[in-house]
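Visitor: quick one: sequence plus predicted model below, questions after.
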Amino acid sequence: MGTPNQIMNQGSTTVSVVIPAYNREILILPTLDSIRSQTLAPAEVLVIDDRSTDSTVRVVEEYAALHPGFPVRCLVQEKNQGVSAARNRGIREASGEWIAFLDSDDMWEPHHLKTLADARDASGAEVVFACARGYSDTDPSVSERTWGWRFQSTDEVLRYLVKGCHILPSALMMKRDLLLKAGLFDEEPAIQHAEDLDLWLRLGAEGVKFQHVREITCLYRQHAASACQNKTRLYKAGVYCLGKHRTNPLNTPAEFNEAFAYYQGKLGKALWPADKVNSERALWQAARHQPFAWQYPAAWALAALSRRLGIAGGFVKRFHNRFL
């Protein structure tokens, strides 16, 4: 019989953890601790540093030296290229048959990898994902949002992907060969913040088998520097992503129009305070795709009148906050 650490590693030697990182010298330590606490340990942990300007690389190297039995190493990009390129390098250099993603400010519950591995073995799926919950950076006990929790089945999650990315990369594990075959994450700058949604939609359209685990095993840290805080970039990327998937067989044209209107409406709301011209254009696109959903034509009309007449700016903002 092996040592406890050897027993913990049995059956897990084909999993590589890929962590893209940029300026995470403080936040990455709890992330690494959560991997080291897994009841099913990975074979390797690859931190891909995207040319951080802080001490992220040094912090990871010191962590590796402090925990010599923990298989973490840091790979530094030649230049800053974004999260897709960082993940893609990790995938290419990984030795594991399976890739588990974890962003450098997120964390896993101790049973995360074991839960996904059990679901993989039971279902034969090529992609397995659990639920996640967001928490406040100032109070980790406060749950602000969940990913995937409200869905009861895998099919339901996939059907609703076009309306919102309910699969968090940090909560997902998938076959490395599948990623290579799919062409990895899109590195186009315009799609960053929706690069994960794009990949899930591509895989779903190809009939890849997903398996949803309706259990929260991943913690998404919501803080001032997290990707979800830049709403304008987030919704622009969503619009760009949907433009790539207009004919995706997972959804009907009506579902696509509803999703496109949703993203354009959110983009119009995000743009309004600083860019009223493009806000109005986005709201017009939302109204055009959902002319009978009253809030979009109304939002566009109010924005157009307010911008041209220079009045009721505060009322428009209140309307956006209430109905978009």
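Guide: Nice, thanks for sending it over. Source: prediction; values computed, not measured.

Visitor: relative to residue 55, how far out is residue 160?
Guide: From residue 160 across to residue 55, the span is 40 Å (Cβ to Cβ, to the nearest Å). Using the backbone N, CA and C atoms, a C-beta is placed for each residue, glycine as well.

Visitor: cool, residue 98 as well?
Guide: Taking Cβ to Cβ, one finds residue 98 at 31 Å from residue 55.

Visitor: settle it for me: which of these two has more neighbours?
Guide: With neighbours defined as other Cβ atoms under 10 Å, residue 98 and residue 55 compare such that residue 98 has more, 26 against 14.

Visitor: ramachandran coordinates for the more buried one?
Guide: When read as degrees, to the nearest 10, the backbone of residue 98 gives phi -120, psi 150.

Visitor: who touches it in this structure?
Guide: The neighbours of residue 98, taking Cβ atoms under 8 Å, 6 or more residues apart in numbering as the test, are 14, 15, 16, 120, 173, 174, 175, 176.

Visitor: the first one against residue 96, yeah?
Guide: What that stands for is residue 14. Yes - with contact defined as Cβ atoms under 8 Å, residue 14 reaches residue 96; the gap is 5.0 Å.

Visitor: name the residues contacting each of those two.
Guide: Both residue 14 and residue 96 are contacted by residue 43, under the criterion Cβ under 8 Å, 6+ apart.

Visitor: the strands in the chain, which residues?
Guide: Shown for the chain, the strands assigned by DSSP state E span residues 15-21, 44-49, 72-76, 98-101, 107-108, 127-136, 143-147, 172-175, 210-222.

Visitor: against residue 264, how distant is residue 293?
Guide: Separation of residue 293 from residue 264 (Cβ to Cβ) stands at 12 Å.

Visitor: neighbour-wise, which of these two wins?
Guide: For residue 293 versus residue 264, the count of surrounding residues by other Cβ under 10 Å is larger for residue 264: 27 against 16.

Visitor: quick one: contacts for the residue lying closest to that one once chain neighbours are set aside?
Guide: In space, and not counting its chain neighbours, residue 264 is closest to residue 286: 3.9 Å by Cβ to Cβ, 6 or more residues apart in numbering. Counting by Cβ under 8 Å, 6+ apart, residue 286 touches 260, 261, 262, 264, 265, 268, 296, 299, 300.

Visitor: residue 23: what's it in contact with?
Guide: Going by Cβ under 8 Å, 6+ apart, residue 23 touches 52, 53, 54, 56, 225.

Visitor: again, but for residue 49
Guide: By Cβ under 8 Å, 6+ apart, the contact set of residue 49 is 21, 22, 56, 57, 60, 74, 75, 76, 77, 86.

Visitor: hmm, 7 Å instead?
Guide: Counting by Cβ atoms under 7 Å, 6 or more residues apart in numbering, residue 49 touches 21, 56, 57, 74, 75, 76, 77.

Visitor: equivalent analysis for residue 218, please.
Guide: Residue 218 neighbours (Cβ under 7 Å, 6+ apart): 106, 108, 112, 130, 132, 168, 170, 171.
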